[in-house]
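*Asks:* Sequence first, then the predicted structure, then my questions.
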Amino acid sequence: MSQIWFKFNAKKAAQAANWLLRRSGGRRNYMELVKLLYLADRQALIDLDSQITGDSLASLPHGTVLSHILNLIRRGPTNVEDAPWFESVSAPSGYDVEAIGNSGESELSGAEVRVLENVFAIYGRYDWKQLSVLTHKLPEWTDPGAGSNPISIEQVLRLVGKSAQQVEAIRKELSVFQRLDWEVAALQPEE
């Protein structure tokens, strides 16, 4: 049985991050941003059976995070597909990142925007320490020591109360969409 995974979507991740930053006055500690995005992806899994960003989930010493986004902020782009992030979110200045303009919501569904609104309404005023404490209490967090532990989508879905049948239905639906994406990509002319 294949594992459930989502493809990282830099455009959606950038728009979600830019949205959260603008609601935060345009600037925020990057660990707060990463944790708010994690909470939004987690809530989207609960409500929509999907993620907003498509990022990999991980347990770090200071709680749960989105791996690729944290690496983008700390290390910069790893490939050309990451470019939309850097058009919407600044490189860090100390521990803060800023919204670059208004990247809009064209990639985000109305349901995803509602998830962001709800997450921000509940956790938007939390600082990084409060968000760290909160994400340590999530049932999927495991102590990674000095490293990191991956968190599977299935693990989160089970821990939030999805049945084995629901998880399998999500896996099947995603595999159909992923197969269609691969077939469409194979039909695209090479540049």
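*Replies:* Yep, it's here.
*Asks:* Could you list the low-pLDDT ranges of this protein?
*Replies:* Scanning the chain for pLDDT under 70 picks out 1-2, 175-191.
*Asks:* where exactly do the strands run in it?
*Replies:* Along the chain, counting by DSSP state E, strands occupy 27-29, 57-60, 63-66, 96-98, 149-151.
*Asks:* Pick the most deeply packed of those.
*Replies:* strand 63-66 (a mean of 25; mean count of other Cβ atoms under 10 Å). Every C-beta, even on glycine, is put in place using the N, C-alpha and C of the backbone.
*Asks:* Nearest residue to Lys99 in space, please, no chain neighbours.
*Replies:* Let me fix one detail, which is that residue 99 is Ala and not Lys. Take Ala99 and drop its neighbours on the chain: the residue closest to it by Cβ to Cβ, 6 or more residues apart in numbering is Leu21, 3.7 Å away.
*Asks:* show me the contacts for that neighbour.
*Replies:* Arg27, Arg28, Leu33, Val89, Val97, Glu98, Ala99 (Cβ atoms under 8 Å, 6 or more residues apart in numbering).
*Asks:* Tell me the spacing between Phe158 and Val115.
*Replies:* If you look again at residue 158, you'll see it is Arg, not Phe. Arg158 sits 20 Å away from Val115, going by Cβ to Cβ, to the nearest Å.
*Asks:* ok, and the closest non-adjacent residue to the one residue sitting closest to the centre of the chain?
*Replies:* By Cα atoms, centre = their mean, the chain has its centre lying nearest to Thr53, at 4.2 Å. Sequence neighbours aside, Ala13 is the residue nearest to Thr53 in space, at 4.0 Å (criterion: Cβ to Cβ, 6+ apart).
*Asks:* before we move on, the earlier item: looking at Arg158 and Val115 now, which is surrounded by more residues?
*Replies:* Neighbours were counted for Arg158 and for Val115 using other Cβ atoms under 10 Å; Val115 has more, 24 against 16.
*Asks:* I'd assumed Leu48 was in contact with that one.
*Replies:* Yes: Val115 lies in contact with Leu48 (Cβ atoms under 8 Å); the separation is 7.2 Å.
*Asks:* residue ranges of the helices in the protein, please?
*Replies:* 10-23, 30-48, 67-75, 83-88, 110-123, 128-136, 153-159, 164-187 (DSSP state H).
*Asks:* looking at the ones you listed, which is closest to Thr142?
*Replies:* helix 153-159 (9.5 Å; Cβ to Cβ).
*Asks:* Contacts for that closest one next, please.
*Replies:* With contact meaning Cβ under 8 Å, 6+ apart, helix 153-159 is reached by 3-6, 42, 45, 51, 57, 139-140, 164, 166-167, 170-171.
*Asks:* Of these, which is the nearest to Pro77?
*Replies:* Of the contacts of helix 153-159, the one sitting nearest to Pro77 (Cβ to Cβ) turns out to be Phe6, at 19.7 Å.
*Asks:* tally of neighbours for the spatially closest residue to the closest one that is not a sequence neighbour?
*Replies:* Using Cβ to Cβ, 6+ apart and skipping residues adjacent in sequence, the residue nearest Phe6 is Gly54, 3.7 Å away. For Gly54, the neighbour count with other Cβ under 10 Å is 17.
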